[in-house]
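> build me a structure from this.
(one chain, ligands or ions: 1)
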Amino acid sequence: MELLGFLKGSRRFRKPRPNDIEHRFSQGEILVSKTNTRGIITYANEKFIALSGYSQKELLGQPHNLTRHPKMPRIIFKLLWKELKAGQEINAYVVNLAKDGGYYWVFANVTPSFDVTGNIIGFHSTRRRPNRKGLAAIRPLYELLRKHEIVGGIDASEIILHSFLKEKGLDYDEFIFNIQHS
Ligand SMILES: Cc1cc2nc3c(=O)[nH]c(=O)nc-3n(C[C@H](O)[C@H](O)[C@H](O)COP(=O)(O)O)c2cc1C
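As a prediction, this is how the structure comes out:
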């Protein structure tokens, strides 16, 4: 399998070791990436390239989990893919891992793209600077979700997330939208 990948010219990156260096970006800057239906990166704008630390060549053709930070709960990505595959857009707070091991938080709006007959042909993520107050609400929630995930798997974190949101009377997307605009 590895040999096949090599022959096809695909590149696999060793995941960087996470460190505590935060990469921030300005309000007004927008980080964009696009994927095919399988989450393979097909486009990245200059801002996203710069913050990720990878070159355009390194990003294109790679699965988007290249930028996945181990602090991100898996349940959030499960939710993201469920919405996208149902043809819905989703707002999410995401912490990403940069090539140098640093991290950057984003407020992402991820949308499906359709062809003329309504088939999903890919996905598009537009990331803006997250609200610091929103981050203060998200960090402890994600830490709790990860803790439960490590012990009890994704089913355990799903229960925690559902009860957290039920108490607020919101779904995840509404909660994220509210904290971003609070
Ligand atoms: C358009 C689009 C953008 C995405 N952007 C990110 C991202 O910035 N960071 C990230 O960790 N995952 C992102 N994902 C989700 C990844 O595809 C993947 O599901 C996630 O990293 C979890 O990977 P894993 O299931 O292999 O653990 C994006 C997916 C799509 C469709």
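> wait, residue 39 sits on residue 68?
No: applying C-beta atoms under 8 Å, one finds residue 39 not in contact with residue 68, separated by 10.6 Å. Glycine gets a C-beta too; all of them are placed from N, C-alpha and C.
> what residues does this protein put near the ligand?
Near the ligand, the residues belonging to the chain are 33, 35, 39, 64-65, 67-68, 72, 77, 84, 94, 96, 110, 123-125 when assessed by C-beta under 6 Å from any ligand atom.
> which residues in this structure form strands?
Using DSSP state E, the strands of the chain run over residues 31-35, 41-44, 90-97, 103-114, 120-128.
> which other helices and strands does the fourth one contact?
Using 3 or more C-beta pairs under 8 Å, 6 or more residues apart in numbering; DSSP states H and E as the contact definition, the elements that strand 103-114 packs against are helix 74-85, strand 90-97, strand 120-128.
> ranking the ones you listed by burial, who's on top?
strand 90-97 (a mean of 22; mean count of other C-beta atoms under 10 Å).
> what angle do that strand and strand 31-35 make?
Using axes from the mean of the first three to the mean of the last three C-alpha atoms, to 10 degrees, one finds that strand 90-97 and strand 31-35 are set 100 degrees apart in direction.
> so which of the strands of the chain is nearest residue 159?
Ranking these by proximity to residue 159 (C-beta to C-beta) places strand 90-97 first, at 19.3 Å.
> list the buried residues for stretch 19-38?
25, 29, 31, 33, 34, 35 (16 or more other C-beta atoms under 10 Å).
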